[in-house]
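Asker: no sequence on hand, only this structure:
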């Protein structure tokens with residue numbers, strides 16, 4: 001047989017597969033309607049597992065693994081199709097639709113916003129990119145931002161979530177589990193660190209460098225130039241600059257933004273000292289109230305799945321079946337629960353799309369716990 005002959009046979013088989021798949025889905029549709037009319041549970045985990053095992057057994061040995069993967073996918077597609085017919089709107093979907101109706105069509109220009117640190121902090125700069133006229137309320141730590149919103153002291157808060165060099169800010173993920181809030185917008189901002197000291201200080205005079213943990217990580221290679229210098233962590237890069245300005249010492253420097261140097265009257269000994277010139281931090285804007293502004297095309301979720309084989313796979317399969325892209329997946333241990341993990345998802349999906357609504361209707365039954373953090377745009 002020639003190559004074209006083989007391809008013709010493949011084409012004929014594919015046409016038959018498409019017809020049989022449609023036939024199978026229509027039968028599954030009728031089964032779902034029957035179960036709904038007779039008050040039966042649509043999802044039958046035992047029957048599904050039994051079916052997959054039986055299909056695997058009748059497949060040739062060298063095709064068994066392929067067959068299992070194929071039928072797992074078919075099962076996910078079938079369940080999704082059945083739910084379109086049988087499922088009512090979940091409370092989460094109802095809250096999303098309500099927020100879409102009630103949220104203003106324009107993001108506010110003026111608001112009271114909590115930021116961690118002091119004047120000059122990168123969070124302040126991110127806040128000023130998000131809001132035209134923010135009234136910034138500075139708090140000592142990240143917990144203070146969440147607490148300020150929770151107590152109604154401000155409407156919004158701005159927090160760093162992840163950096164392209166140093167990775168995620170793990171403390172924020174832990175606080176996400178503790179507080180109820182929603183992400184309403186996010187912004188990516190280029191981060192350039194400078195070595196700042198009091199006027200007259202020379203590099204060779206420096207005995208101590210202070211900064212935030214993330215900034216120190218982002219300047220790790222640069223700091224190797226100072227092997228005998230003490231490196232001290234503090235709550236914020238702007239706080240580090242302020243500390244140096246108020247210290248009265250000529251042997252201490254801070255890693256902070258160039259703008260901080262101007263704000264606190266410090267000299268810039270060296271600019272752009274971060275290891276990676278393409279150094280970006282993603283900041284999120286959070287609110288206690290669910291607000292979804294026009295154009296929202298990103299969604300953040302926190303999920304906890306059961307300790308059973310394939311639990312996370314079942315969740316990921318549903319995303320795949322609906323054609324929804326996951327651009328971030330991260331796990332964090334759940335405090336006070338041994339070896340239990342929370343999975344943080346960032347997904348690409350228009351909040352108005354049918355696939356997104358179907359996904360949000362299905363997540364509760366796939367997980368032990370599902371927390372919808374919000375849908376938003378990123379600037």
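Answerer: It's in. All values derive from a computational prediction rather than experimental measurement.

Asker: can you show me the helices along this protein?
Answerer: With DSSP state H as the criterion, the chain has helices at 3-37, 45-58, 64-86, 91-102, 122-130, 142-150, 170-178, 213-218, 220-223, 237-247, 258-263, 311-322, 354-366.

Asker: residues touching the fourth one, excluding its own?
Answerer: Right, helix 91-102. Residues from elsewhere that reach helix 91-102, judged by CB atoms under 8 Å, 6 or more residues apart in numbering: 89, 290-292, 351-352, 357, 360-361, 363-364, 370, 372, 375. For glycine as for every other residue, the C-beta is placed from the backbone atoms N, C-alpha and C.

Asker: quick one: which of those is most hemmed in?
Answerer: Within these, residue 375 tops the neighbour count with 29 neighbours, counted by other CB atoms under 10 Å.

Asker: that residue is in contact with residue 351, isn't it?
Answerer: Yes - if you go by CB atoms under 8 Å, residue 375 and residue 351 touch, sitting 4.1 Å apart.

Asker: burial count for residue 17?
Answerer: 10.

Asker: if I look at it, how far off is residue 23?
Answerer: Between residue 17 and residue 23 the computed distance is 11 Å (CB to CB, to the nearest Å).

Asker: how many other residues sit next to residue 87?
Answerer: For residue 87, the neighbour count with other CB under 10 Å is 17.

Asker: repeat for the one 5 residues further on
Answerer: As a burial measure, the neighbour count of residue 92 was computed by other CB under 10 Å and equals 18.

Asker: retrieve the pLDDT associated with it.
Answerer: If you check residue 92, the pLDDT there is 92.

Asker: with residue 272 instead?
Answerer: Predicted confidence (pLDDT) for residue 272: 94.

Asker: tell me who's in contact with the closest residue to it other than its chain neighbours.
Answerer: Nearest residue to residue 272, sequence neighbours excluded (CB to CB, 6 or more residues apart in numbering): residue 192, at 5.1 Å. Going by CB under 8 Å, 6+ apart, residue 192 touches 257, 258, 271, 272, 274, 279.

Asker: kindly provide the distance from residue 131 to residue 124.
Answerer: 11 Å.

Asker: who's more crowded, the two?
Answerer: Shown here are residue 131 and residue 124; by other CB under 10 Å, residue 124 has more neighbours (24 against 21).

Asker: and for the residue lying closest to the more buried one once chain neighbours are set aside, the neighbour number?
Answerer: Residue nearest to residue 124 in three dimensions, not counting chain neighbours: residue 115, with 5.3 Å by CB to CB, 6+ apart. Residue 115 has 30 neighbours, counted by other CB under 10 Å.

Asker: residue 14 versus residue 115, what's the distance?
Answerer: 57 Å.

Asker: related to what we said a few turns ago, identify the contacts common to residue 375 and residue 351.
Answerer: Residues touching both residue 375 and residue 351 (CB under 8 Å, 6+ apart): 96, 292, 296, 297, 299.

Asker: pull out the buried residues from those.
Answerer: Neighbour counting over the shared contacts of residue 375 and residue 351 (16 or more other CB atoms under 10 Å) leaves 96, 292, 296, 297, 299 as the buried ones.

Asker: now tabulate those in TSV and tack on pLDDT and distance to residue 146.
Answerer: Below are these laid out as TSV (pLDDT from 0 to 100; distance: CB to CB, whole Å):
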residue	pLDDT	distance to residue 146
96	95	22
292	97	20
296	96	22
297	95	25
299	96	20
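
Asker: and these, which two are the farthest apart?
Answerer: Maximum pairwise distance in these, criterion CB to CB, is 13.8 Å, between 96 and 297.

Asker: what residues are shared contacts of these two?
Answerer: Residues touching both residue 96 and residue 297 (CB under 8 Å, 6+ apart): 351, 375.

Asker: how about the nearest residue to residue 145, chain neighbours excluded?
Answerer: In space, and not counting its chain neighbours, residue 145 is closest to residue 157: 4.1 Å by CB to CB, 6+ apart.

Asker: list the beta-bridge partners for residue 210.
Answerer: For residue 210, the beta-bridge partners are residue 232, residue 254 (DSSP bridges).
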